[in-house]
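Enquirer: Got a predicted structure plus its sequence, pasted below:
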Amino acid sequence: MVFDHGGNEIARHQLEHEQILPRAGWVEHNPTEIWERTRAVIQTTLSRANLSAEDLAAVGVTNQRETTVVWNRRTGRPYCNAIVWQDTRTDRIAAELERAGHGETIRRKAGLPPATYFSGGKLRWILDNVAGVAADAERGDALFGTTDSWLLWNLTGGVDGGVHVTDPTNASRTMLMDLETCDWDDELLALFGIPRAMLPRIAPSSNPDLFGQTRADGPFGGEVPLAGVLGDQQAATVGQVCFRPGEAKNTYGTGNFLLLNTGTEIVRSQHGLLTTVAYQFGDDKPVYALEGSIAVTGSAVQWLRDQLGIISGAAQSESLARQAADNGGVYFVPAFSGLFAPYWRSDARGVIVGLSRYSTNAHLARATLESICYQTRDVVEAMQADSGVTLDVLRVDGGVTANELCMQLQADFLGVPVSRPVVAETTALGAAYAAGLAVGFWQSTDELEENWREDRRWHPTLPEAQRARGYGRWKKAVARTLDWIDEEDD
């Protein structure tokens, strides 16, 4: 996506890449395909808009944060598919860390519970299970990165001088970075047995010293400063201009991610949320956030399309769900990868409950949309308990916000208004803002706040008694998902 100074979209192109599901609980991406698709969307976007490298002030990168890539610095080839953030194959690694008493150290230093979600366990699994990686890592030839690092390395030359770097928002999702120092922590590295030489350098999210320059022989066809990097949910926080403590946004994508800005103070959750870096601009102190991460929301709609075949596209989920006046007593908890915040139960699996002969595909479609909204309420309740902040409005963004029924349900289930900005793809916008701030394209966050404009607002219409009854049934449905996977299950 290309944006102008007013934060307006100038051009875009997007391509899906394959979701690789080798076995139950495993989710992979092909890093080479991601790089090839990235090249293609850059070239197509510039061509369609009649733009060149000279027209661009800077480039920002944003990415799904915990997805783990390991590649060889000499050949440029990944050793294996990327292990995606949703993947649960590392549940034994996470459980063993907890059993051995290391959970509290990880929570205190990294702000995260030992869980399959985060990169450190995925990297340990690759070192243990992919031939040649451990030996190459000791020699300094095997490089680890989240997808931002993989793209930056390729954009800056790859085997010919590629830069191995990340930012604090991505590094804070590994279980390997100390939140206070924003640097890799020797004690955490030792817990996972990870050589420091594998890890990228950590630089500010908005970096006046630059992450590097794009190459003339690369997809931009010229040199452009690579000046901003933000993990996707932190990028959306910046794109939604949540720069003040107490401001929050919720992004609806593959999963849902609600972030609350807590300022330069590290707030440690007591109610199942994560403490994370929201952003770091230049030499300023890092700004932190509380985060509620939900594994499966938009991807539940994809499941209706790809696995069940009851809709042909995401937009049809709304029209099908509207055929039912209510959920008909059906509740769907899409715990495909266990439950993330605020439960953190890797033993959970998805359930559909309340079925009767009356139930139809329309009821299931509606229950799917309701599951997105109920999971968000779970996180909002935890966030209010941790922070004492009561939301007066929820700022929302991401692809699912195009589903107007889902957004009305969200307002109804929360009992607060839901506000969607003009630019719903705030993840890309936030990456652009981080890059533009670094090179002076924007002088301050005040300019960015002036760009924010509301597109649509949904107000709650559901009576409180009905809201409470529905949420009570949702909690009963969640209870049915637990203790499904036994530790000895393969």
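Expert: Ah, there it is.

Enquirer: Could I get the average pLDDT for whichever strand or helix holds Glu370?
Expert: Taking DSSP states H and E as the definition, one finds Glu370 inside helix 361-387. Averaging pLDDT along helix 361-387 gives 95.

Enquirer: and if you look at stretch 449-467?
Expert: Stretch 449-467 comes out at a mean pLDDT of 95.

Enquirer: List the buried residues of it.
Expert: Buried residues in stretch 449-467, counting neighbours by 16 or more other C-beta atoms under 10 Å, are found at 451-452, 458, 460, 462, 467. All C-beta atoms are positioned from the backbone trio N, CA, C, and that covers glycine.

Enquirer: Would you check which pair of those lies furthest apart?
Expert: Spanning the widest gap among the buried residues of stretch 449-467 are Asn451 and Arg467, at 34.2 Å by C-beta to C-beta.

Enquirer: Name the nearest residue to Gly121, sequence neighbours excluded.
Expert: Thr90 (3.6 Å; C-beta to C-beta, 6 or more residues apart in numbering).

Enquirer: Helices along the stretch 251-400 of the chain, start to end?
Expert: Taking DSSP state H, counting those that start in this stretch as the test, the helices found in the stretch 251-400 of the chain are 298-303, 314-321, 361-387.

Enquirer: In JSON lines: those helices, plus distance to Asn403.
Expert: As requested, the helices of the stretch 251-400 of the chain are exported to JSON lines (distance: least, C-beta to C-beta, whole Å):
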{"stretch": "helix 298-303", "distance to Asn403": "8"}
{"stretch": "helix 314-321", "distance to Asn403": "5"}
{"stretch": "helix 361-387", "distance to Asn403": "7"}
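
Enquirer: can you tell me which of those comes nearest to Thr44?
Expert: Of all the helices of the stretch 251-400 of the chain, helix 314-321 comes closest under C-beta to C-beta, at 21.8 Å.

Enquirer: Now do the helices in the stretch 1-150 of the chain.
Expert: Using DSSP H, counting those that start in this stretch, helices in the stretch 1-150 of the chain cover 31-48, 91-99, 103-110, 119-129, 133-139, 147-155.

Enquirer: which one of the ones you listed is the most hemmed in?
Expert: helix 147-155 (a mean of 26; mean count of other C-beta atoms under 10 Å).

Enquirer: looking just at contacts, which helices and strands does that one meet?
Expert: Here helix 147-155 touches helix 31-48, strand 59-63, strand 68-72, strand 142-146, strand 165-166, strand 225-231, going by 3 or more C-beta pairs under 8 Å, 6 or more residues apart in numbering; DSSP states H and E.

Enquirer: what pLDDT does Leu199 get?
Expert: 97.

Enquirer: is it true that it touches Leu176?
Expert: Yes. At 7.2 Å, Leu199 and Leu176 qualify as touching, with contact defined as C-beta atoms under 8 Å.

Enquirer: Are there residues contacting both of these two? Which ones?
Expert: The contact sets of Leu199 and Leu176 overlap at Trp184 (C-beta atoms under 8 Å, 6 or more residues apart in numbering).

Enquirer: Which one of the two is surrounded by more residues?
Expert: More neighbours surround Leu176 than the other of Leu199 and Leu176, with 28 against 21 (other C-beta atoms under 10 Å).

Enquirer: ok, that one - contacts?
Expert: 110, 119-120, 184-185, 188-189, 192, 194, 199.

Enquirer: Model confidence for it, exactly?
Expert: 98.

Enquirer: Same check on Glu487?
Expert: On the pLDDT scale, Glu487 is placed at 61.

Enquirer: Ala300 now?
Expert: Confidence at Ala300, expressed as pLDDT, is 95.

Enquirer: Might you report the residue contacts of it?
Expert: Contacts of Ala300 (C-beta under 8 Å, 6+ apart): 332, 334, 336, 368, 371-372.

Enquirer: Please produce CSV containing the residues you listed, extended by neighbour count.
Expert: Shown next, in CSV, are those (neighbours: other C-beta atoms under 10 Å):
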residue, neighbour count
Phe332, 27
Pro334, 26
Phe336, 20
Thr368, 27
Ser371, 26
Ile372, 26
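
Enquirer: Which of those residues sits closest to Gly162?
Expert: For those, the residue nearest Gly162 by C-beta to C-beta is Phe336; the value is 34.7 Å.

Enquirer: ok, Gly436 to Gln270 distance?
Expert: According to C-beta to C-beta, to the nearest Å, Gly436 and Gln270 sit 37 Å apart.

Enquirer: same question, Pro417
Expert: Pro417 sits 28 Å away from Gln270, going by C-beta to C-beta.

Enquirer: out of the two, which sits in the more crowded spot?
Expert: For Pro417 versus Gln270, the count of surrounding residues by other C-beta under 10 Å is larger for Pro417: 15 against 9.

Enquirer: So that one is in contact with Arg456, correct?
Expert: No. Counting by C-beta under 8 Å, Arg456 is not a contact partner of Pro417; they are 10.5 Å apart.

Enquirer: List the residues that contact the nearest residue to Ile10 once chain neighbours are set aside.
Expert: Nearest residue to Ile10 in three dimensions, chain neighbours excluded: Val2, at 4.3 Å (C-beta to C-beta, 6+ apart). Residues counted as contacts of Val2 (C-beta under 8 Å, 6+ apart) are 9-12, 45-46, 49, 51, 56.

Enquirer: so what's Val2 bridging to?
Expert: Ala11 (DSSP bridges).

Enquirer: how about Ser419, what does it touch?
Expert: 393-396, 454, 456-457.

Enquirer: Can you list which of the residues you listed are found in strands?
Expert: 394-396, 454, 456-457 (DSSP state E).

Enquirer: Am I right that Gly430 falls within a strand?
Expert: No. Gly430: not assigned to a strand; according to DSSP: H, G, I helix; E, B strand; the rest coil it is helix.

Enquirer: Strands along the stretch 151-300 of the chain, start to end?
Expert: 165-166, 177-178, 183-184, 201-202, 212-213, 225-231, 248-252, 256-263, 274-279, 287-294 (DSSP state E, counting those that start in this stretch).

Enquirer: what's the closest of the ones you listed to Lys476?
Expert: Closest among the strands of the stretch 151-300 of the chain, once you apply C-beta to C-beta, is strand 287-294, at 18.6 Å.

Enquirer: Tell me the residue in this structure that is farthest from the middle.
Expert: Largest separation from the mean C-alpha position in the chain: Arg357, at 37.8 Å (C-alpha atoms, centre = their mean).

Enquirer: Tell me, what's the model's pLDDT at it?
Expert: So Arg357 comes in at 96 (pLDDT).

Enquirer: Please report the distance of the closest residue to Asp397 other than its chain neighbours from Ala432.
Expert: Of all residues not flanking Asp397 in the chain, Thr426 sits nearest, at 4.1 Å (C-beta to C-beta, 6+ apart). Using C-beta to C-beta, Thr426 is found at 10 Å from Ala432.

Enquirer: what do you get for Gly239?
Expert: Computed as C-beta to C-beta, the Gly239 to Ala432 distance reads 8 Å.

Enquirer: Having no further points to raise, I will conclude here.
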